[in-house]
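Asker: Mind folding the following:
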Amino acid sequence: MESLKESLMGVVSRIRSSVLLDSREVDLVIRELQRALLKADVDVGLVLSVSERIKKRFFEEEQPPGFSKKEVLVKILYEELVNLLGGEETPELKVSSTPFKVMFVGLEGSGKTTTVAKVANYYKRKGYRVGVVAADTYRPGAYEQLRSLAEKVGVPFYGDPQERDAVSLALRGVKVLSDKGIQMILIDTAGRHKDEEALMEEVKTLYREVKPDAVVLVVDATQGSAVARQARAFQEAMPFGYVIVAKMDGSAKGGGALSAVASSKARVIFIGTGEKIEDLEEFNPKKFVARLLGMPDLEALLQRFSEFARLEKERARAIASGKITLLDLKEQLEGLRKMGPLSKIAEMMGLQVKVSEEDLNIDKWINIMNSMTMEELLNPEIIDSSRMRRIARGSGVSPRDVKQLLEAYRNMKKVMRQLSRSRMRGLPRGF
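Answerer: From the prediction side, this is the model:
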């Protein structure tokens with residue numbers, strides 16, 4: 001994953017160093033992103049889809065006030081990568097009843113048996129009584145490997161190297177561990193190949209007879225986008241709800257594997273990050289992408305966007321209740337700039353409100369409001385003399401100019417109230 005991380009950090013660096021984010025420069029950014037994702041073995045169709053969405057959103061979505069184009073593009077990049085790798089939700093395998101039976105399936109060599117031990121260790125540390133069942137009757141050494149790992153983790157183990165019937169073995173193991181009061185039973189099955197009909201039939205029978213509470217598919221990160229085909233093959237055999245991507249630490253194709261799983265609508269719950277029992281990490285798409293982008297200030301940027309969204313909701317409520325904010329005034333002024341003086345517009349509307357031409361210096365007003373915080377634009381009442389001086393310094397005007405703007409804003413509110421009353425008078429009785 002280090003290769004993908006370096007490539008994505010290069011994309012972010014290009015965005016931040018751009019002088020002008022015009023169509024040509026954005027195309028170059030996206031081309032660099034495409035190279036990074038394709039190198040990580042992300043499916044070509046997914047790469048093109050992500051690229052198109054990023055470009056479309058950047059040029060069509062309105063740029064929020066107070067944010068630069070670079071910040072907007074980084075945010076869109078982050079959100080689209082999160083969607084590519086599974087979305088904002090962090091899935092969790094919850095023990096909803098006891099004994100909670102979990103069946104592990106996967107291709108041979110995917111790291112399934114080691115992953116079973118890692119999951120046992122994870123839930124044991126969470127305080128659950130966990131036990132494991134060795135139901136792999138095909139692979140030589142599977143019984144010994146899981147028994148050894150179970151001892152290392154310190155959890156009860158059930159297996160029988162003489163038994164060839166995986167279904168009978170699994171059912172006996174579940175009963176023995178249940179009688180011991182085990183809360184979570186993890187069942188390791190034989191590694192399948194999607195083309196081996198007999199083995200796929202066995203896993204179907206296991207699912208039908210054992211009736212697991214959850215099925216976890218373990219896939220190998222080194223397989224990259226090919227895991228999508230594996231996921232579909234197992235999905236046809238039985239419904240599985242969760243996926244663990246093993247061997248992420250040594251794979252340059254981890255991004256391809258994760259995106260392939262996400263495209264199959266399965267949920268990645270863990271990723272294997274090393275050979276040790278402790279090397280199992282909860283998969284959180286948001287945190288994972290943030291780490292890939294290598295931006296220490298990303299969280300602060302996202303919080304700013306989140307705060308803006310919250311303030312926008314407040315603004316919508318204010319407008320719905322008939323109030324107008326400085327942000328509304330700023331947007332109206334930007335829209336009316338080409339329509340002539342506001343006094344003429346008020347006249348055309350039949351509003352008898354006098355506003356001096358000095359107060360109608362639209363460019364100056366917009367410049368002053370550009371120096372205000374979002375909180376000040378939405379709640380002008382909080383602007384005291386100290387804030388006025390700061391705003392004046394930031395916009396290169398005098399505090400008197402800021403006062404004039406605020407006075408004009410109060411006049412605008414009067415206009416709105418007058419217009420509202422005139423509309424109400426025009427309504428039929430009963431409205």
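
Asker: what helix or strand does the nearest residue in space to S18 that is not next to it in sequence sit in?
Answerer: In space, and not counting its chain neighbours, S18 is closest to E25: 5.3 Å by Cβ to Cβ, 6 or more residues apart in numbering. No exception for glycine: its C-beta is placed from N, CA and C like everyone else's. Element membership for E25, per DSSP states H and E: helix 23-39.

Asker: From the contact counts, what lies against that helix?
Answerer: On a contact count with 3 or more Cβ pairs under 8 Å, 6 or more residues apart in numbering; DSSP states H and E, helix 23-39 meets helix 2-17, helix 44-60, helix 69-84.

Asker: Quick check: which of those is nearest to A134?
Answerer: helix 2-17 (34.7 Å; Cβ to Cβ).

Asker: tilt between the closest one and helix 23-39?
Answerer: 170 degrees (axes from the mean of the first three to the mean of the last three Cα atoms, to 10 degrees).

Asker: what pLDDT, on average, does helix 2-17 get?
Answerer: On average, the pLDDT along helix 2-17 is 85.

Asker: Let me see the ranges of the strands in this protein.
Answerer: 100-106, 130-135, 157-158, 184-189, 214-220, 242-246, 267-272, 280-282 (DSSP state E).

Asker: Show the pLDDT at T114.
Answerer: At T114, the pLDDT value in this model is 93.

Asker: any chance of the helices and strands packed on helix 23-39 in a markdown table, with distance to A266 too?
Answerer: Shown next, in a markdown table, are those (distance: least, Cβ to Cβ, whole Å):
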| stretch | distance to A266 |
| --- | --- |
| helix 2-17 | 21 |
| helix 44-60 | 15 |
| helix 69-84 | 14 |
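
Asker: Which stretch among those is buried most, on average?
Answerer: By mean neighbour count, with neighbours taken as mean count of other Cβ atoms under 10 Å, helix 69-84 ranks first of those at a mean of 20.

Asker: Need the contact partners of stretch 59-68.
Answerer: Contacts to stretch 59-68, defined as Cβ atoms under 8 Å, 6 or more residues apart in numbering, come from residues 23, 26, 69, 72, 76, 304-305, 308, 327, 330, 370, 373-374, 377.

Asker: Recalculate using a threshold of 6 Å.
Answerer: 72, 308, 374 (Cβ atoms under 6 Å, 6 or more residues apart in numbering).

Asker: do the same with stretch 220-234
Answerer: Outside stretch 220-234, the residues touching it (Cβ under 6 Å, 6+ apart) are 41, 43, 105, 107, 110, 194, 217, 219, 245-248, 251, 253-254, 256-257, 260, 264, 266.

Asker: re the thing from before, pLDDT (mean, whole number) over the helix holding E25?
Answerer: 90.

Asker: Just the C-alphas of it, formatted as CSV.
Answerer: C-alpha atoms of helix 23-39 as CSV (Å, rounded to 0.1, in the frame of the first residue of the first chain):
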residue,chain,number,x,y,z
SER,A,23,-10.1,22.6,-16.9
ARG,A,24,-6.6,21.7,-18.2
GLU,A,25,-5.0,21.5,-14.8
VAL,A,26,-7.9,19.5,-13.3
ASP,A,27,-7.5,17.0,-16.3
LEU,A,28,-3.8,16.6,-15.3
VAL,A,29,-4.7,16.0,-11.7
ILE,A,30,-7.2,13.4,-12.7
ARG,A,31,-4.8,11.7,-15.1
GLU,A,32,-2.3,11.4,-12.2
LEU,A,33,-5.0,10.0,-10.0
GLN,A,34,-5.9,7.5,-12.7
ARG,A,35,-2.3,6.3,-13.0
ALA,A,36,-2.2,5.8,-9.2
LEU,A,37,-5.4,3.8,-9.0
LEU,A,38,-4.6,1.6,-12.1
LYS,A,39,-1.2,0.9,-10.7
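
Asker: that older thread, okay if I get the strands of the chain as JSON lines plus distance to D297?
Answerer: Compiled in JSON lines, the strands of the chain are given as follows (distance: least, Cβ to Cβ, whole Å):
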{"stretch": "strand 100-106", "distance to D297": "39"}
{"stretch": "strand 130-135", "distance to D297": "40"}
{"stretch": "strand 157-158", "distance to D297": "48"}
{"stretch": "strand 184-189", "distance to D297": "40"}
{"stretch": "strand 214-220", "distance to D297": "34"}
{"stretch": "strand 242-246", "distance to D297": "28"}
{"stretch": "strand 267-272", "distance to D297": "25"}
{"stretch": "strand 280-282", "distance to D297": "23"}
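
Asker: Dump these to JSON lines, plus mean neighbour count, mean pLDDT and distance to I382.
Answerer: Shown next, in JSON lines, are the strands of the chain (neighbours: other Cβ atoms under 10 Å; pLDDT from 0 to 100; distance: least, Cβ to Cβ, whole Å):
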{"stretch": "strand 100-106", "mean neighbour count": "24", "mean pLDDT": "92", "distance to I382": "53"}
{"stretch": "strand 130-135", "mean neighbour count": "29", "mean pLDDT": "94", "distance to I382": "55"}
{"stretch": "strand 157-158", "mean neighbour count": "22", "mean pLDDT": "94", "distance to I382": "65"}
{"stretch": "strand 184-189", "mean neighbour count": "28", "mean pLDDT": "93", "distance to I382": "54"}
{"stretch": "strand 214-220", "mean neighbour count": "25", "mean pLDDT": "88", "distance to I382": "52"}
{"stretch": "strand 242-246", "mean neighbour count": "26", "mean pLDDT": "87", "distance to I382": "49"}
{"stretch": "strand 267-272", "mean neighbour count": "22", "mean pLDDT": "87", "distance to I382": "44"}
{"stretch": "strand 280-282", "mean neighbour count": "18", "mean pLDDT": "89", "distance to I382": "41"}
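
Asker: Can you tell me how far the nearest residue to E92 once chain neighbours are set aside is from V289?
Answerer: Using Cβ to Cβ, 6+ apart and skipping the chain neighbours, the partner closest in space to E92 is I269 (6.8 Å). In this structure, I269 and V289 are 17 Å apart, going by Cβ to Cβ, to the nearest Å.

Asker: do the same with T113
Answerer: For T113, the distance to V289 - Cβ to Cβ - is 30 Å.

Asker: Neighbour count: those two, which is higher?
Answerer: More neighbours surround T113 than the other of T113 and V289, with 24 against 21 (other Cβ atoms under 10 Å).

Asker: Surely the more buried one is in contact with A190?
Answerer: No: the pair T113 / A190 is not scored as a contact, 10.0 Å apart, by Cβ atoms under 6 Å.

Asker: for the stretch 201-350 of the chain, which spans come out with low pLDDT?
Answerer: Where the stretch 201-350 of the chain drops to pLDDT under 70, the residues are 250-253, 263-264, 296, 311-312, 314-323, 335-350.

Asker: just the helices in it please.
Answerer: Ranges of helices in the stretch 201-350 of the chain, per DSSP state H, counting those that start in this stretch, are 227-237, 254-263, 285-293, 298-320, 326-336, 342-348.
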